[in-house]
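Peer 1: Below are the sequence and a predicted model for it; my questions follow.
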Protein chains: 2
Amino acid sequence: MFETIRWREGKVEILDQSRLPLEVVYLSCREVGEVAEAIKTLKIRGAPAIGIAAAMGLALGAQSLSARDFREFQRGLRGIASQLAATRPTAVNLFWALDRMQAYAAAHREEAIEQIKQGLVGEAQRILEEDIAVNRAIGKWGAALIPDGARILTHCNAGALATGGYGTATAPMRVTVEEGKRIHVYADETRPVLQGARLTAWELMQDGIPVTLITDNMAAQFMRRGMIDLAIVGTDRTVRNGDVANKIGTYGVAVLCKAHKIPFYVAAPISSIDFSLATGKKIPIEERPPEEVTHIQGKRIAPEGVQVANPAFDVTPARLVTAIITEKGVFRPRDLRRLADPNADLETIRIREAPHTTR
Amino acid sequence: MFETIRWREGKVEILDQSRLPLEVVYLSCREVGEVAEAIKTLKIRGAPAIGIAAAMGLALGAQSLSARDFREFQRGLRGIASQLAATRPTAVNLFWALDRMQAYAAAHREEAIEQIKQGLVGEAQRILEEDIAVNRAIGKWGAALIPDGARILTHCNAGALATGGYGTATAPMRVTVEEGKRIHVYADETRPVLQGARLTAWELMQDGIPVTLITDNMAAQFMRRGMIDLAIVGTDRTVRNGDVANKIGTYGVAVLCKAHKIPFYVAAPISSIDFSLATGKKIPIEERPPEEVTHIQGKRIAPEGVQVANPAFDVTPARLVTAIITEKGVFRPRDLRRLADPNADLETIRIREAPHTTR
């Protein structure tokens, strides 16, 4: 099994996703700048994975800080965090991970700087391990929504490659298969960066999960022909009211699901939920370079000088989301805000079975 | 201005659309087999254009027939027609054009074979000229539906390149611009063959019509943000009840238009209407090679051995079609069947203005 990202001998090793599925190559980062560049250029992507990469990047950068006292060290950390935070604006896990790493340092301010540096490496590795555990829990809760024989549509890659491992949207699929049930996945290729074609199809094939690759514009027709039973996607940032930011095209999938009475699920680790925002309107949407649309693997496919739009994400309103699958259970979007309260009684609001559809 | 296809000095010259927008190269066909291959491999595509190509291909093939009498000549023509008919199953214009050419020959059976051969070349050229005239009429009727400042979504290429010239879906846009109104076109790139990115964007830029290229999965988000006022697409085959077969992804656009209360128009020359079919269920849908999905311009973008679906067309049910724009006027889908009757009083069923939307 491949690893998306790992700490090895003082370096951050990143599976270079820009070269998948043609080559499986690890990028070895010795400096925080290389990690930041890898995030910016999508060599590693997916909200949880870039959270982990940012944490490891911060730990890596911390090793080179020559601070005489904690305040100086903390200032140094803050600078590194700014550099990493500037890579991509939409996924909230990035900021969550950087905050957690800096909080770790602050909590250990009494220790020797060298000891804190070691501790940060450990904390980054813990974030990775916890991420995988969270995904397994998402899988367990989500699998209850998937009937035997289900044909599942997914968009972009919210799989093992988008996380520390196991994936978010793919976790319920994996658990379902581990339980001995049969499923078939339809993977949208997900233009412009083709995460579905290059990554989701590849990682599901690695694990022997049946998958059919389709272009984004085919999904509607497969729904109409009754060939899709449910959709599961990931999220880069979900907010308090249940609005979901995710890869461009997700909103369209949600509208199509509604029109065809197909359940639309979002797999969301709590770290991807931004309780500070009331609705999706305030989520910053990254506009990426036009070359992602006009070129594919370096080859021009559109006329020179053509005007292009390239928003990397869209926001799906909560009313189109059937349920949100977290590591603490499956919830209706309107109940999501209750998760912000650590004392909330989740048992009463958890969904245990697939919500009825009128199909 | 480019020509999509032309008869020149005993040869059929075809603008090779598989090389656009990078190169403007004409393919010179001396034998019917070359024309058939050009249709099959999408060097020329678009329902009206492949109708013209088939007509010219038949005229070209006819020149090489060495028949002693008309019956033998007719058998030869029938063989050539079968070869051309086998290239692509969905567009009805192909069959319409081959029928018309053979009917021409039959109507002139008393003439000398050499004279009929010349006549067939003339008939093919007439089909091309009439196609352009039909498109101009579509443009005139359709322009009445387009307000000043309209932002228009289109899918695939139903432009000059898909026809003898001027286009079907693009005709109302061109007339609107000729009338001095401002428009802005959003062109879906249209995976897998990228007709929107490679052809529609290119031909609109050639004519100075403002166009923004987007990936197919962005359209929903632009609708949600209120940036699309109407959609116009072409059709490969529309049937009696108003069901519309067109490029894969068209159905999804229609569902999204409905969900956002945006008018969805289909530009359809009468030659693309198949009055012999009652509903869209019987329209044969071409499944094209998986390499169109797994490779782009010869470069692999998906894992080796991945399972792929590649239906080239989908069927949009009449209930999602706001109106159909023909050379005889704009009609509701339910009134389409009346066009089969040459004595029908079309005045009473013609739509003169943009149908009210609840937007």
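Peer 2: Happy to help now that I have it. Predicted model only: the values in this text are computed from it and were never measured.

Peer 1: In three-state terms, label the closest residue to chain B within the stretch 1-150 of chain A for me.
Peer 2: Among all residues of the stretch 1-150 of chain A, residue A:21 sits closest to chain B, at 4.1 Å; criterion: Cβ to the nearest Cβ. Where you see a C-beta, it was placed from the backbone N, CA and C, and this is true even at glycine. Here residue A:21 takes the coil state, with states given by DSSP: H, G, I helix; E, B strand; the rest coil.

Peer 1: if I read this right, residue A:22 contacts residue B:300, doesn't it?
Peer 2: Yes - counting by Cβ atoms under 8 Å, residue A:22 touches residue B:300, with 6.4 Å between them.

Peer 1: Find residues that contact each of the two.
Peer 2: Counting by Cβ atoms under 8 Å, 6 or more residues apart in numbering or on different chains, residue A:22 and residue B:300 have no shared contacts at all.

Peer 1: circling back to that earlier point, can you give me the neighbour number for the residue of the stretch 1-150 of chain A closest to chain B?
Peer 2: For residue A:21, the tally of surrounding residues (other Cβ atoms under 10 Å in any protein chain shown) stands at 21.

Peer 1: Likewise for the one 4 residues further on?
Peer 2: Here the count is done by other Cβ under 10 Å, and residue A:25 has 13 residues near it.

Peer 1: ok so, going back, can you name the residues that contact the residue of the stretch 1-150 of chain A closest to chain B?
Peer 2: A:198-199, A:201-202, B:302-304.

Peer 1: Could you rerun that using 7 Å?
Peer 2: Applying Cβ atoms under 7 Å, 6 or more residues apart in numbering or on different chains, we find residue A:21 in contact with A:198, A:202, B:302-303.

Peer 1: Ok, residue A:220 next?
Peer 2: Residue A:220 neighbours (Cβ under 7 Å, 6+ apart): A:256, B:251-252, B:255.

Peer 1: Pick out the most distant pair among these.
Peer 2: Using Cβ to Cβ, the pair of these lying farthest apart is A:256 and B:251, separated by 9.5 Å.

Peer 1: hmm, back to that, pLDDT, secondary structure and distance to residue B:266 added to the contacts of residue A:220, as a markdown table?
Peer 2: Shown next, in a markdown table, are the contacts of residue A:220 (pLDDT from 0 to 100; DSSP: H, G, I helix; E, B strand; the rest coil; distance: Cβ to Cβ, whole Å):
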| residue | pLDDT | secondary structure | distance to residue B:266 |
| --- | --- | --- | --- |
| A:256 | 98 | helix | 20 |
| B:251 | 98 | helix | 12 |
| B:252 | 98 | helix | 15 |
| B:255 | 98 | helix | 14 |
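
Peer 1: Let's verify residue A:305: helix, strand, or coil?
Peer 2: Following three-state DSSP, the label given to residue A:305 is coil.

Peer 1: burial measure for it, as a count.
Peer 2: By other Cβ under 10 Å, the residues close to residue A:305 number 8.

Peer 1: what's around the residue lying closest to it once chain neighbours are set aside, how many residues?
Peer 2: Spatially, and ignoring its direct neighbours in sequence, residue A:305 is nearest to residue B:205 (7.3 Å; Cβ to Cβ, 6 or more residues apart in numbering or on different chains). Residue B:205: 19 surrounding residues under other Cβ under 10 Å.

Peer 1: Residue B:205: which element?
Peer 2: helix B:201-206 (DSSP states H and E).

Peer 1: what's the helix or strand for residue A:95?
Peer 2: Using DSSP H and E, residue A:95 falls within helix A:93-107.

Peer 1: And the contacts of residue A:21, which is closest to residue A:148?
Peer 2: Of all the contacts of residue A:21, residue A:148 sits closest to residue A:202, with 25.5 Å by Cβ to Cβ.

Peer 1: For residue B:43, see how far away that closest one is.
Peer 2: Residue A:202 sits 32 Å away from residue B:43, going by Cβ to Cβ, to the nearest Å.

Peer 1: Likewise for residue A:68?
Peer 2: 71 Å.

Peer 1: Looking at these two, which has the bigger crowd around it?
Peer 2: In this view residue A:68 and residue B:43 are compared by other Cβ under 10 Å, and residue B:43 has more residues nearby, 21 against 8.

Peer 1: Report whether that one is found in a helix, as I expect.
Peer 2: No - under three-state DSSP, residue B:43 falls outside any helix and is assigned coil.

Peer 1: Look at it and report its pLDDT.
Peer 2: Looking at residue B:43, its pLDDT reads 98.

Peer 1: can you check the one 3 residues further on too?
Peer 2: On pLDDT, residue B:46 comes in at 96.

Peer 1: That one is in contact with residue B:160, isn't it?
Peer 2: No - using Cβ atoms under 7 Å, residue B:46 is not in contact with residue B:160; the gap is 9.3 Å.

Peer 1: which intervals of chain A have sub-threshold pLDDT?
Peer 2: A:356-359 (pLDDT under 70).

Peer 1: Now the residue of the stretch 1-150 of chain A closest to chain B. Its backbone dihedrals?
Peer 2: With angles defined as degrees, to the nearest 10, residue A:21 sits at phi -90, psi 10.

Peer 1: do residue A:308 as well
Peer 2: With angles defined as degrees, to the nearest 10, residue A:308 sits at phi -140, psi 140.

Peer 1: same thing with the one 3 residues further on?
Peer 2: The phi/psi pair for residue A:311 (degrees, to the nearest 10) reads phi -70, psi 130.

Peer 1: That one is in contact with residue A:285, isn't it?
Peer 2: Yes - here residue A:311 reaches residue A:285: they are 5.3 Å apart, a contact under Cβ under 7 Å.

Peer 1: domain parsing for chain A?
Peer 2: Per automatic domain parsing, the structural domains of chain A span A:5-134, A:145-348.

Peer 1: between those domains, which one is nearest to residue B:174?
Peer 2: Of all the domains of chain A, domain A:145-348 sits nearest to residue B:174, with 18.1 Å by Cβ to Cβ.

Peer 1: Run the chain-centre distance for that closest one.
Peer 2: 9 Å (Cα atoms, centre = their mean, to the nearest Å).

Peer 1: Ok, stretch A:35-52 next?
Peer 2: Computed by Cα atoms, centre = their mean, the chain-centroid distance of stretch A:35-52 equals 10 Å.

Peer 1: What's the end-to-end length of that stretch?
Peer 2: End-to-end distance for stretch A:35-52, by Cα to Cα, to the nearest Å: 11 Å.

Peer 1: does that stretch come close to chain B?
Peer 2: No - between stretch A:35-52 and chain B, judged by Cβ under 7 Å from any Cβ of the partner chain, nothing touches; the nearest distance is 14.4 Å.

Peer 1: buried stuff in that stretch?
Peer 2: Within stretch A:35-52, the residues that qualify as buried are A:35-36, A:38-39, A:42-52, counting by 16 or more other Cβ atoms under 10 Å in any protein chain shown.

Peer 1: Next, give me the two most distant ones among these.
Peer 2: Greatest spatial distance in those: A:36 and A:48, 17.6 Å, computed using Cβ to Cβ.

Peer 1: What parts of the stretch 51-200 of chain A come near chain B?
Peer 2: Neighbours of chain B within the stretch 51-200 of chain A, by Cβ under 7 Å from any Cβ: A:191-192, A:194, A:197-198.

Peer 1: Adding distance to residue A:231, write those out as JSON lines.
Peer 2: Shown next, in JSON lines, are these (distance: Cβ to Cβ, whole Å):
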{"residue": "A:191", "distance to residue A:231": "18"}
{"residue": "A:192", "distance to residue A:231": "21"}
{"residue": "A:194", "distance to residue A:231": "19"}
{"residue": "A:197", "distance to residue A:231": "17"}
{"residue": "A:198", "distance to residue A:231": "20"}
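
Peer 1: Tell me the buried residues in the helix or strand hosting residue A:223?
Peer 2: Using DSSP H and E, residue A:223 sits within helix A:219-224. For helix A:219-224, the neighbour count (16+ other Cβ under 10 Å) marks A:219-224 as buried.

Peer 1: how about those in JSON lines, adding distance to residue B:94?
Peer 2: Below are the buried residues of helix A:219-224 laid out as JSON lines (distance: Cβ to Cβ, whole Å):
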{"residue": "A:219", "distance to residue B:94": "28"}
{"residue": "A:220", "distance to residue B:94": "26"}
{"residue": "A:221", "distance to residue B:94": "22"}
{"residue": "A:222", "distance to residue B:94": "27"}
{"residue": "A:223", "distance to residue B:94": "29"}
{"residue": "A:224", "distance to residue B:94": "25"}
